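[1] sequence and predicted structure, then a few things I'm wondering about:
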Amino acid sequence: MLLPIVHYNDPILRKTGAKVDVFDAALRALARDMIETMRAAPGIGLAAQQVGKAMQLCVVDVSRADDGFDWELDGNHPPLELIMPMVIVNPEVVVHPVEKETIDEGCLSFPGIRGDVARRDAITAKYKDADGVPHELVCNGMFARCVQHEVDHLNGVLFIDRMSKKARAPIEKKIRELAARTGGGKA
Ligand code: NI
């Protein structure tokens, strides 16, 4: 089932998600609906806040955004098509002390708005899947960027917060117009 995507500046986007304690059929159904919604949008990631739920849950599918990234899941290197789409619950991300890369990002809660965001190029993420099974993911490139963007959402952080003043200036007007249309308050 497709879910309506919440746009900036709806207050839900600023809420920190509650930790998921119950891994039941309802959680799996929500994750399935989020995957369907992400794909239809189309997008490569979607956080629970973006469908109106402040929970530590996001979905990711970077199989069509392969920029040559590498990954390791639970110490193995499974084919990407086996691990995508990925359901990420209660994530804890550690960024590796590597160079930051600056790349143009978008967000399904900011239709038509893109801007440069600097992020570290590699991460380790500990999380649970939709069945509550713990995993450890190490990845870089667009995979790491996408996970960082989605995990930010789970903590009420948006990509515009990560932009330099210089990157944000040319899109500031669009951001304010979007906030005014959404009726969620001031930008
Ligand atoms: Ni986003």
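    Happy to help now that I have it.

[2] tell me how far the lengthiest strand in the chain is from the chain's mean position?
    Ranked by number of residues, the top strand in the chain under DSSP state E is strand 86-95. Put simply, strand 86-95 sits 10 Å off its chain's centre (Cα atoms, centre = their mean, to the nearest Å).

[3] what comes into contact with that strand?
    19-20, 23, 27, 31, 35, 56-61, 119-120, 122-130, 132, 147-148, 150-151, 154 (Cβ atoms under 8 Å, 6 or more residues apart in numbering). Placement of C-beta: from N, CA and C, glycine included.

[4] and the longest helix for this protein?
    Ranked by number of residues, the top helix in the chain under DSSP state H is helix 25-40.

[5] quick one on the thing from earlier: next, the angle from the longest strand of the chain to helix 25-40.
    80 degrees (axes from the mean of the first three to the mean of the last three Cα atoms, to 10 degrees).

[6] sheet partners, orientation included, of strand 86-95?
    Applying DSSP bridges, strand 86-95 is found paired with strand 57-60 (antiparallel), strand 122-128 (antiparallel).

[7] secondary structure element for the residue nearest the centre of the chain?
    What sits nearest the mean C-alpha location of the chain, by Cα atoms, centre = their mean, is Glu150, with 1.7 Å. Using DSSP states H and E, Glu150 falls within helix 141-154.

[8] and what of Leu137?
    Secondary structure from DSSP H and E places Leu137 in strand 134-140.

[9] that strand packs against which elements?
    Here strand 134-140 touches strand 71-73, strand 122-128, going by 3 or more Cβ pairs under 8 Å, 6 or more residues apart in numbering; DSSP states H and E.

[10] next helix or strand past the helix holding Glu150?
    Using DSSP H and E, the next helix or strand after helix 141-154 towards the C-terminus is helix 165-168.

[11] distance check, Asp121 against Leu73.
    18 Å (Cβ to Cβ, to the nearest Å).

[12] let me fix that: His7
    Using Cβ to Cβ, His7 is found at 32 Å from Leu73.

[13] what sits against Ala41?
    By Cβ under 8 Å, 6+ apart, the residues touching Ala41 are 5, 108.

[14] for Ile12, same thing?
    The contact partners of Ile12, taken as Cβ under 8 Å, 6+ apart, are 6, 49, 52-54.

[15] same check, this time on Ser109
    By Cβ under 8 Å, 6+ apart, the contact set of Ser109 is 5-8, 10, 13, 50, 158.

[16] how does it look with 6 Å?
    By Cβ atoms under 6 Å, 6 or more residues apart in numbering, Ser109 lies in contact with 7-8, 50.

[17] tell me the one of these nearest Arg181?
    Checking the contacts of Ser109 against Arg181 by Cβ to Cβ gives His7 as the nearest, at 7.6 Å.
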